[in-house]
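Peer 1: Quick check, what structure comes out for this input:
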Amino acid sequence: KSGGFMADIYGRVKGSPGIIFSTLGPGGTNLTSALANATQDRSPLIAISDQVSQNDFRTEAHQYVDFVNAFHPKTGITKQTFLVSSADHLSGVFDQAFAKAMEEPKGAVHISIPMDILGSPVNGVGKVLKSSTAKRILPKSTVSTDAVKKILASGKPGLVIVGGSVERSGAQREFLRFIEHFELPVLTTFRGKNALPSDHPQCLGTVSRHLGDVVKDVLGQASCLILVGYDYNEGVKPSMWAGQARVVNMDTYDNRIEKIFTPPSLFGDLGAALRDLIKIPKPTHATSFPLAQVKARVKKTVAEALDVARAGLHPGRIIDAVNALYKDDSVIVCDVGLNKYYAGLLLKSSESNKIIFSNGQSSMAFSSGVMGAKLADPKKSVIALVGDGGFLMDPQEILTAVVYKQPIVWVIFNNGGLGLTEQAQKEKSPNTTHGVRFGKVFFAKLAESCGLYGIRVEPGMSLLPILAAVKNMKRPALIDVPVVYTPRRKSYRE
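Peer 2: Reported below is the predicted structural model:
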C-alpha cells in the first residue's frame, strides 16, 4: 500500500506515471487503497502485479485473485485493467496503459502478468515505454468559448472556484492572467491550492465543506460562478451554489454528472481556453466584488472554527512553522484526519512549493508514500504532516527512508488517538466513544530505533527552531508534537 502511495505522489510531482510492482495475491490486494486514491485524485499511476500461471486460473488456487474484475473501472479503483495473455501482447498493453493513465482525468491502471508470461522473452518494451511516458492526451473541446466570453463581458462581478486540473495541465500562468485580467476573486479546493499563491490579492482562501454557511454567503456575493477544474469527489457539492443563476464549468475532460452537475461546460485544453478568453477587452464593472470584506470574513470564520488564538502547542502553530520554512522549493504531503483540516485551511501555497492531499478517497496513511516526492524531485525539501493515528497505520516507511538515505521530515500531530472519529462519535453520543484512544507511543524513540533523528516537543519548547534545525540536517527526521484539538464549532461541522 505504501509503495502505491509513493507511486501516486511521484506521479503528481513528476507529471508522468509512478510505477509500482507487487507480488500476486495479497501483494496485489494491498494495492487497493492506493489505486483508488490515485484514480480519485487524478494521479497517473501504473501498477503491475504478477499472477498465477494461466493454467491455474481458479478461485481454489493458492494466492489467486481475479485482479481484472477486482480492480475493474466500474469499482472506481482504476481507470482500466489488463491481463497479459501472451508475451507478444506485452508491448501493446504497456503502450495502452501509459496512454490511459495520462489521459484526462488521469488515474491508476493495473496490469496482471501471469508467471508463465514473466518467464517468456519480450522484445521492444523499452522503446514503447519511452514513447508512452511522453503522451498527454486531452479530449477535444465540445463547447466554444463564446458562452463564457458573453458572461465575462457583462461587466458584473464573478467568482472562480479552482480545482486540481489547472495545476495538472500546467496552466497556472494562464489561470493567473485570466483572473487578473477580469479581476476575479478565487476560492481554491484542497487540490486546487497549487493553482495560485495563497498571498495573491485575489485569493479568498480554501473552500471547504467544513466551513458551513459562510461559503454559501461568499458565493452569493457574485453574479456568476466560474468553475475551473472542479471535481465533485472533493466534497464541494453543487448545493453550495444552488440558486446561482449563472454557472460556467471549464475542465480538461467531461466532468459533468447526470442529474447532479450539468452546467454549461467547456472541455479541452485549459491553457488554450484561458488564453483565448483574455483576448476580449477587460470589462468595466458596474459594481465591484467586496473583496476585502469577504477575505476578512473567511479569515475570521477559519480562525474561529480552528480556534487558532488558543495558546500552547496548537495545531495551527505547527502550520505556522511549516509556512515559514517550507514556502520555497518544497513539497508538503498532508495525511488525513483532523490535522488535514488545519493543513487544508491554513497552509500557504507559493509559486515554488507544492501541497499534496488525499482528497478524493481521503486515505489515512497516505503520507507513508511521501518518499515518492523526493524520488520525483530530489532537489525539493520534503515534509509529511501526519496525525499519530495515520502514522501508526504504516510507520515502516521511515526505515525505508533511512535505507535509501532520503532526508524527509515527518511531523506528527500527536493527540493520543483517532481525533476525527472520536469527534464524530461524540456528536452522536457525547458521553460514549469506542476504540479511539490508544496507549502512549514514544514516537521519537521509535524513530531513533530505525536510524532517524527523533525529538519530542515538550512544554516550553519552540517548534520553529527545532523544525529549522531538522530541515537542515539532510537526514531523515521525525518530530513528535503533542497537540489538543478543540472540539469543532458549529460552523466547522460537516
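
Peer 1: Need the residue closest to the centroid of the chain.
Peer 2: Phe357 (3.1 Å; C-alpha atoms, centre = their mean).

Peer 1: just checking, that one touches Lys340?
Peer 2: Yes - the pair Phe357 / Lys340 is scored as a contact, 6.8 Å apart, by C-beta atoms under 8 Å. Bear in mind the C-beta positions are built from the backbone N, C-alpha and C, glycine included.

Peer 1: what about Val322, how many residues close to it?
Peer 2: Number of residues near Val322 (other C-beta atoms under 10 Å) recorded here: 26.

Peer 1: hang on, it in a helix?
Peer 2: Yes - under DSSP: H, G, I helix; E, B strand; the rest coil, Val322 falls within a helix.

Peer 1: Check what pLDDT it gets.
Peer 2: pLDDT, Val322: 97.

Peer 1: Do you have the helices of the stretch 251-400 of the chain handy? List them.
Peer 2: Taking DSSP state H, counting those that start in this stretch as the criterion, the stretch 251-400 of the chain carries its helices at 270-277, 291-306, 315-325, 338-346, 371-376, 388-393, 397-403.

Peer 1: Remind me what the helix or strand harbouring Leu176 packs against, helices and strands.
Peer 2: In this structure, Leu176 sits in helix 172-181 according to DSSP states H and E. Here helix 172-181 touches helix 270-277, going by 3 or more C-beta pairs under 8 Å, 6 or more residues apart in numbering; DSSP states H and E.

Peer 1: picking that back up, now the helices of the stretch 251-400 of the chain as CSV including distance to Lys471?
Peer 2: Putting those into CSV (distance: least, C-beta to C-beta, whole Å) gives the following:
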stretch, distance to Lys471
helix 270-277, 34
helix 291-306, 25
helix 315-325, 6
helix 338-346, 17
helix 371-376, 13
helix 388-393, 19
helix 397-403, 15
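
Peer 1: on that earlier part again, who are the contact partners of the residue nearest to the centre of the chain?
Peer 2: Shown in contact with Phe357 (C-beta atoms under 8 Å, 6 or more residues apart in numbering): Asp41, Phe190, Arg191, Cys334, Lys340, Ala343, Gly344.

Peer 1: ok, back up a step: find residues that contact each of Phe357 and Lys340.
Peer 2: Joint contacts of Phe357 and Lys340 (C-beta under 8 Å, 6+ apart) are Cys334.

Peer 1: pLDDT below threshold where in this protein?
Peer 2: 124-144, 155, 209-210, 212, 245, 285-287, 308-312, 487-494 (pLDDT under 70).

Peer 1: Look at the residue lying farthest from the centre of it and give its secondary structure.
Peer 2: Centroid-distance maximum for the chain: Asn55 at 40.6 Å, with C-alpha atoms, centre = their mean. Secondary structure for Asn55, judged by three-state DSSP, is helix.

Peer 1: Would you mind measuring from it to Val84?
Peer 2: Noted for Asn55: a distance of 15 Å to Val84, by C-beta to C-beta, to the nearest Å.

Peer 1: same thing with Ala99?
Peer 2: For Ala99, the distance to Val84 - C-beta to C-beta - is 16 Å.

Peer 1: Neighbour count: the two, which is higher?
Peer 2: Val84 (22 against 17).

Peer 1: From what I see, the more buried one and Ile113 are in contact.
Peer 2: Yes - using C-beta under 8 Å, Val84 is in contact with Ile113, at 4.9 Å.

Peer 1: Quick check: neighbours shared by those two?
Peer 2: Leu90.

Peer 1: Just list the residues touching Ile260, thanks.
Peer 2: Tyr232, Pro238 are the contacts of Ile260 under C-beta under 8 Å, 6+ apart.
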